[in-house]
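Visitor: here is the input, now give the coordinates:
(chains A, B and C)
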Amino acid sequence: MTSTLKPVPWALHLGVLAIAIAFPFVFPSSFMVNFGVMALFYAFIGQSWNISGGFAGQLSFGHVAFFGVGAYASTIVQLRLGWSPWLGLPVSALAGALVGGVIGVLSFRAGLKGSYFALITLAFAEVLRIVTNSVSFTGGGLGLLIPMKASATNFQFADRSGFYFLILLLAAGSVALAEWLRRSRFGAQLAAIRENEDSAKALGIHVFREKVKVMLLSGAISGMGGCFFAQYFLYIDPLVVFGVDKSVEMLLVSMIGGAGTVYGPLVGALLLASISDITRVLTQVQGLSLVLYGSLLVVIIAYLPNGLIDLFKRRRKPAGGQT
Amino acid sequence: MSSTHSASRRLILQASAATAVLGAPGLLLAQPKPVKVGLLHPVSGALAYSGGQSRMGGMMAIDEINAAGGIKSMGGAKLEAMLGDSQSRPEVGVSEVERMQQDGVSAYVGCFASGIALPATQAAAKYNTPFLIDVGVSDALVSRGLKNVFRLAPGNGKCVDDAFAGLAEVNKAAGGVAKTAVIVHEDSEFGTSTAKLLTAKLSGIGLEVKEVLPHATPTRDFTNLVLRIKAIKPDIVIMSNYQNEYVLIARTIFQQKVDLAGMFSVLGGGFNYKLVKEQPDVAQYMMDFNHWYSPRNPKAQEMRRQVEAKGGLFTFEVYCTYNSVKLYASALEAAKSADKAAVIAALEVSTWSDHFMPYGPTKFVNGQNQGGRAALLQASKTDIDVVWPNEFAGVKPVFPRPKFG
Amino acid sequence: MDPTILAAATINGVLLGGMYTLVACGLTLIYGVLHIINFAHGSMLMLAMFGVFYLLTKFGVDPYLAMVVMVPVMYVFGYALYKGVIGKLSNGKDENILLITLGLSILIENVALMLFKGDSRTISVSYSDRMIELGPTLVPLPKLISFAVALALCAALGLFMQRTDLGRAIRAVAKERVGARLVGIDVDRIFAISYGIGLATLGAAACLLMPIFYVSPTIGHVFVLVAFTVVVLGGMGSFLGAAVGGLIVGLTESFGGLYLGESLGQIGISLIFILILLFRPSGLFGARQ
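Guide: Now for the predicted structure:
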């Protein structure tokens, strides 16, 4: 998990953005647009994990907590308070940030790091799942169904490409955020914290405060991911939006792609989405597609321990040998 | 990617078409295009067993139809299965819907789980592709105003209504011994919605609900829950959950020797021939309201033999999907084409009865087959019998069940 | 609350705890020594349980007797898995081991799905439903046996760690990896041995759990979170901790279920987990970090 890369050149950013914008025009089929939406979606929520896990070194297994809270918050204000679904985005960001902050404060106050922090986030997510499943306010085990009414003002696009450009905007924003983190003082402080908390403290960095700040940020992004998910699928329940699977996916796309890098989550999301789709198409034997998926995971980690970004890193090493 | 997949398939089709032309000039224009039927089920992940069973049923229907000459009104067009795995996750289900749409699917049959079927049917609605729900019971599936959704089997509300009718009759026949009930349900959408319906209606047939006990899926131990039931001393226990918890609870009740007039389940996940085979003492006398076939129908009996001969179990997923595919085939026959709008129109006025379910001829209102119904089943140490409705029943129910000695 | 019910819930909680201890033993050893969160623990338990299932249904071997086979087989499997896959491919980075065990668990679970199909299987032996009267409540004999064996296992492992040379070497590596290497301990071999022992305990656990439960490719998920809670509560690397932690978790689950129902009651386990981590992360008997 190192990020001793030079800052990503603007040309690359613009290139990636251009490709992403062109994508639904080059591949207009609903299947491909859906693929694009899901890839960008996982890149977005993966970036949320990456910000706290990759940049700040706080590995979490419970990021789905922020995601689920965002999904429920935006859905509840829409269904029970009659608010415009678009308000769901800021609402979910706030909700996610709030939960992120609370979990951050509690965990960091207690001095939890490394696997301990990872496990406690897992437990918090579980608590949220169980509580959400038990109270009638959230619909309990029945979940919440958003009535279908396709219109842009209702945050439901008849054409998938509407969702595509929205998630592209969000994902681009998250990349910009990551890029800002790499160049900013805040990001440098996080990097210091990640490398060695005690040294960072000795350098005068207010470790606790910065860690909580990054959890607020990360929580907000995951929360917005939850809002998007709810609007895209129109049905949420505690199992789907608080289940541990999403936490694992957020972690996976970042670590496979390259934790602590700006494009890691996107690369990871693209790869994992492709593998998932390809293996499903290749074989219809029950479970074989996931066997391939698991094997690929193991192989990738074995040979590219820093994530796929390693592939790009090696190519970009200047001839002089200086990094 | 899938485009390569379809491209290579297209190549194969073209190659075989060319050979056919060369080999048998008389058949130049004979073979009509096959109709692609998407079978979308969770064949991996948490619901893998049910998904696998559903897929098997669907394939059996397709193979049978093709062996009998395909769709006659379409010049013998064969059905071609497009297999989809939703991996027990809604997002993947939607992705599979899109993939099959891209590959030219004409109809979907799926998805076993309501949680997956809800977004999947919505995705299909955009293309107005007929979507035949095989097992998902959520009533929301047929109440969103989607014209492309059709369900042959009964939904939750109807299953519960049937459960009541059956329970009331069985209770009456036994002299009204059952007056109190405890409801046990798993705490996600399936169990919660069923329990809600049950709680609302039990008093209507003279049964007082003493308590409602939700539990998580998975749950590792039910001793406390069963001891609670023992303390309440209800006459009947009604369960709505998935296979593993169902079996654990049944076993614990048996072990703790909880005396009940009857143990019922509504859409019981674990009530099947396997329970009878693996735990005959536990299974004996248990009752379930569930999708079931007409026991005296020779076609059904034959199919059961076939499945068991291959070492499989003839569970409801198998024949629900089987009959859903056959329903689609009947609509193709009526519409004389695979055109989506034509098929939907044919389904809307369908009066198909060549299924071996206790439904009578089909009649769809808002996509729900009005004749769909559940049956009351009871297990013995060796088999499962239909005990209600009477016109399909084979044996009389044992109710109340004997006390633990 | 009726005292009889309370007594029954207590007994039940204790016995439940015994089952959790069984599964947690191996995990605490693996975590304590290798410092890895063994995501594959649940899928290994699943494989072992299928082993027991087939030993009974195909060869008629009683599940308890099957321990003679399962324990050594799982040990060898664990040793080989570490040497051949985990150790080799993780490049020594802790996060990578985590991902590798995650990948392995997905792989193993789905291979099992391919081979054994998705349905759950149960077994029925003569003593499966034999009930023993214990005070106010009836207890299934297999549960009592698994409780007794769990305690015996913890005691045996604890003694092994304290009294034998190998145990001392393992403890050394757990405490101070680099130092252990400097005094000549083959750290990599110790890792493999520890992983092997961890999986061997799962072999025993599988034999004891089969008469009580069911097995399916996803049974691992059912135990994994609870096992982690026990390990964290008891203290990573402590077998006494696994025993005590198991008891506490079992009792919490039992009382949680009694007072809050079997749905909301599950929150007890996660809450304990959180509280322990917030106030005593090293666990009850773990080494203070």
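Visitor: state the phi and psi torsions of A:H206.
Guide: phi -80, psi 80 (degrees, to the nearest 10).
Visitor: how far away is it from chain B?
Guide: 40 Å (Cβ to the nearest Cβ, to the nearest Å). (C-beta placed from N, C-alpha, C; glycine too.)
Visitor: burial of that residue, as a residue count?
Guide: 12 (other Cβ atoms under 10 Å in any protein chain shown).
Visitor: so what's it scoring on pLDDT?
Guide: A:H206 is assigned 93 on the pLDDT scale.
Visitor: I'd like the distance between it and A:R182.
Guide: As judged by Cβ to Cβ, to the nearest Å, A:H206 and A:R182 stand 20 Å apart.
Visitor: next: B:K126.
Guide: In terms of Cβ to Cβ, B:K126 sits 40 Å off from A:R182.
Visitor: just A:V131 next, same as before
Guide: 37 Å.
Visitor: next one: B:E333
Guide: B:E333 is 64 Å from A:R182, by Cβ to Cβ.
Visitor: and these two? which has more neighbours close in?
Guide: Higher neighbour count among B:E333 and A:R182: A:R182, with 19 against 15, using other Cβ under 10 Å.
Visitor: right, and B:A393 touches B:V387 too?
Guide: Yes - between B:A393 and B:V387 there is a contact at 5.3 Å, judged by Cβ atoms under 8 Å.
Visitor: so B:P214: helix, strand or coil?
Guide: Counting by DSSP: H, G, I helix; E, B strand; the rest coil, the backbone at B:P214 sits in strand.
Visitor: mind listing what residue 48 touches?
Guide: I went with chain A, as the question did not name one. Contact analysis of A:S48 by Cβ atoms under 8 Å, 6 or more residues apart in numbering or on different chains lists A:H63, A:F66, A:S174, A:S218, A:G219, A:I221, A:S222, A:G225, A:M250.
Visitor: um, chain C though
Guide: C:A48 neighbours (Cβ under 8 Å, 6+ apart): C:M70, C:M74, C:L199, C:L202, C:G203, C:A205, C:A206, C:C207.
Visitor: which of these has the most neighbours?
Guide: Top of those by neighbour count (other Cβ under 10 Å): C:A205, with 33 neighbours.
Visitor: would you mind identifying the next helix or strand past the helix or strand containing that residue?
Guide: In this assignment (DSSP states H and E), C:A205 forms part of helix C:187-209. Next helix or strand after helix C:187-209 toward the C-terminus (DSSP H and E): helix C:219-234.
Visitor: next SSE downstream of that following helix?
Guide: That would be, after helix C:219-234 and using DSSP H and E, helix C:239-264.
Visitor: which bits of the stretch 201-323 of chain A sit near chain C?
Guide: A:248, A:252, A:255-256, A:259, A:285-291, A:293-298, A:301-302, A:305 (Cβ under 8 Å from any Cβ of the partner chain).
Visitor: burial count for C:I185?
Guide: 17.
Visitor: I'd guessed it sits against C:R168; true?
Guide: No - counting by Cβ under 8 Å, C:I185 does not reach C:R168; the two are 9.5 Å apart.
Visitor: ranges for the helices of the stretch 51-200 of chain B?
Guide: B:90-102, B:114-125, B:156-173, B:189-202 (DSSP state H, counting those that start in this stretch).
Visitor: dump these into CSV; add mean pLDDT and mean neighbour count as well.
Guide: Formatted as CSV, the helices of the stretch 51-200 of chain B follow (pLDDT from 0 to 100; neighbours: other Cβ atoms under 10 Å in any protein chain shown):
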stretch, mean pLDDT, mean neighbour count
helix B:90-102, 92, 25
helix B:114-125, 91, 25
helix B:156-173, 90, 20
helix B:189-202, 89, 22
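Visitor: all strands of the chain, in order?
Guide: I'll assume chain A. Applying DSSP state E to chain A gives strands spanning A:144-145, A:235-236.
Visitor: oops, chain C please
Guide: C:131-134, C:137-140.
Visitor: in its sheet, which strands sit next to the helix or strand harbouring B:S265, and in what direction?
Guide: Using DSSP H and E, B:S265 sits within strand B:262-266. Applying DSSP bridges, strand B:262-266 is found paired with strand B:236-240 (parallel), strand B:287-290 (parallel).
Visitor: C:G51: which of these is closest?
Guide: strand B:236-240 (31.1 Å; Cβ to Cβ).
Visitor: now do the buried residues in that closest one.
Guide: B:I236, B:V237, B:I238, B:M239, B:S240 (16 or more other Cβ atoms under 10 Å in any protein chain shown).
Visitor: who touches the second one in this structure?
Guide: Okay, so that is B:V237. Counting by Cβ under 8 Å, 6+ apart, B:V237 has contacts B:A181, B:V182, B:I183, B:V184, B:I229, B:I253, B:L260, B:G262, B:M263, B:F264.
Visitor: what about those residues, which are in strands?
Guide: Those of the contacts of B:V237 lying in strands (DSSP E): B:A181, B:V182, B:I183, B:V184, B:G262, B:M263, B:F264.
Visitor: which non-adjacent residue is nearest C:V215?
Guide: C:M49 (4.1 Å; Cβ to Cβ, 6 or more residues apart in numbering or on different chains).
Visitor: for C:I219, give its distance to C:S120.
Guide: From C:I219 to C:S120 the distance is 8 Å (Cβ to Cβ).
Visitor: neighbour-wise, which of these two wins?
Guide: Taking other Cβ under 10 Å, C:I219 and C:S120 do not tie; C:I219 has more neighbours (25 against 21).
Visitor: so who does that one touch?
Guide: With Cβ under 8 Å, 6+ apart, C:I219 has these contacts: C:G42, C:L45, C:M46, C:M49, C:S120, C:F213.
Visitor: A:S199 reaches A:A192, doesn't it?
Guide: Yes - judged on Cβ under 8 Å, A:S199 makes contact with A:A192 at a distance of 6.9 Å.
Visitor: between those two, which one's more packed in?
Guide: A:A192 (20 against 11).
Visitor: confirm for me that the more buried one is in contact with A:D198.
Guide: No - judged on Cβ under 8 Å, A:A192 makes no contact with A:D198 at a distance of 10.5 Å.
Visitor: per-residue pLDDT, residue 36?
Guide: In the absence of a named chain, chain A is used. pLDDT, read off for A:G36, is 95.
Visitor: try chain C instead
Guide: On the pLDDT scale, C:I36 gets 80.
Visitor: any residues of chain A in contact with chain B? List them.
Guide: A:29-32, A:34-35, A:38, A:130, A:133-134, A:140-143, A:145, A:147-148, A:158, A:233-235, A:237-240, A:245, A:274, A:276-278, A:280-282, A:284, A:286-287, A:289-290.
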